[in-house]
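> What shape does this take:
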Amino acid sequence: MGLAGVRVVLVEPAGPLNVGAIARVMKNFGLAQLVLVNPQCDPLSEEAMRMAVHAKEILESAITVPTLPEALHGCVRAIATTGRDNDRGLTLETPRIALPWLLEATSQPSALIFGREDRGLSNEELIYAQRFIRIPTSPDYLSLNLATAVGICCYELAQNLTPPETQTISETEFASLEFMEAYYQQLESLLLRIGYLYPHTATSRMEKFRQLYNRAYLQTHEVGMLRGILRQIEWAIDNQRDV
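Predicted structure coming up:
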């Protein structure tokens with residue numbers, strides 16, 4: 001699918017000028033799918049349209065959804081951007097290193113996620129991505145404008161239109177993000193039930209599981225197998241008999 005399969009996902013954008021500028025730079029580099037998660041501005045406002053110039057159709061066709069998981073529906077790969085210091089043990093990569101990976105999803109959509117202008121993505125939102133990028137900036141001024149960050153990433157994506165020749169696994173085999181999310185929910189429920197997880201620490205422990213599985217790039221049948229194991233464990237618990 002190339003660039004046509006990459007969604008630019010903006011979480012709660014607040015500035016119509018930024019949204020318009022993002023549409024323009026997307027068109028500059030050949031991207032067309034814009035998804036807005038609970039936008040805090042009108043993406044069709046006069047300001048946004050004026051800033052988009054000749055990319056108004058990207059704003060007009062943009063999809064608005066209430067939550068990040070809905071924005072990722074159908075995607076098999078997702079990269080999240082962050083400007084924060086790595087205080088959560090995430091592997092932070094540069095756009096040039098990480099972004100070509102999105103283009104390897106040749107038959108299913110992928111997503112590039114950007115956070116709010118003032119505070120980026122929350123920890124709860126970052127867990128929906130499999131890889132994470134931070135754009136290197138001067139220590140004299142670390143903060144990047146949202147539209148500028150999107151522009152840098154769009155440029156880097158456009159430089160990598162040819163998937164690596166080393167690809168060996170058909171992308172149709174990779175589990176979708178929503179299928180993985182269903183597995184995580186099932187796993188968390190079971191681990192809480194058997195006492196491996198406790199409610200007050202479940203979120204942080206499940207983040208570790210997510211990071212582990214995300215590194216594996218599981219295929220659909222593999223996730224199905226894992227879910228089958230969980231169902232069998234649940235059945236055994238429900239049907240256990242005193243010896």
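
> what are the ranges of the strands in the protein?
All strands of the chain, identified by DSSP state E, fall at 6-11, 33-37, 63-65, 77-81, 92-93, 110-114, 131-133.

> mean confidence score for the fifth one?
Going back to what we said before, that points to strand 92-93. Across strand 92-93, pLDDT averages out at 94.

> Centre of the chain to it, how far?
In terms of C-alpha atoms, centre = their mean, to the nearest Å, the centre of strand 92-93 is set 14 Å apart from its chain centre.

> so what secondary structure elements neighbour that strand?
Strand 92-93 sits against strand 131-133, with contacts defined as 3 or more C-beta pairs under 8 Å, 6 or more residues apart in numbering; DSSP states H and E. Where C-beta positions appear, they are placed from N, C-alpha and C, glycine not excepted.

> ok, and for the strand it packs on, which residues are buried?
By 16 or more other C-beta atoms under 10 Å, the buried positions in strand 131-133 come out as Arg131, Phe132, Ile133.

> swap in stretch 19-37?
Using 16+ other C-beta under 10 Å as the test for burial, stretch 19-37 gives 19-27, 29, 31-37.

> ranges for the helices of the protein?
16-28, 46-52, 56-60, 68-71, 95-98, 100-103, 123-126, 146-158, 177-193, 202-216, 220-238 (DSSP state H).

> Could you list the low-pLDDT ranges of this structure?
Applying pLDDT under 70 to the chain flags residues 85-88, 162-172, 241-243.

> Nearest the geometric middle of it, what residue?
The residue lying closest to the centre of the chain (C-alpha atoms, centre = their mean) is Ala78, at 3.5 Å.

> Quick check: end-to-end length of stretch 78-90?
Distance across stretch 78-90, first residue to last, is 14 Å (C-alpha to C-alpha, to the nearest Å).
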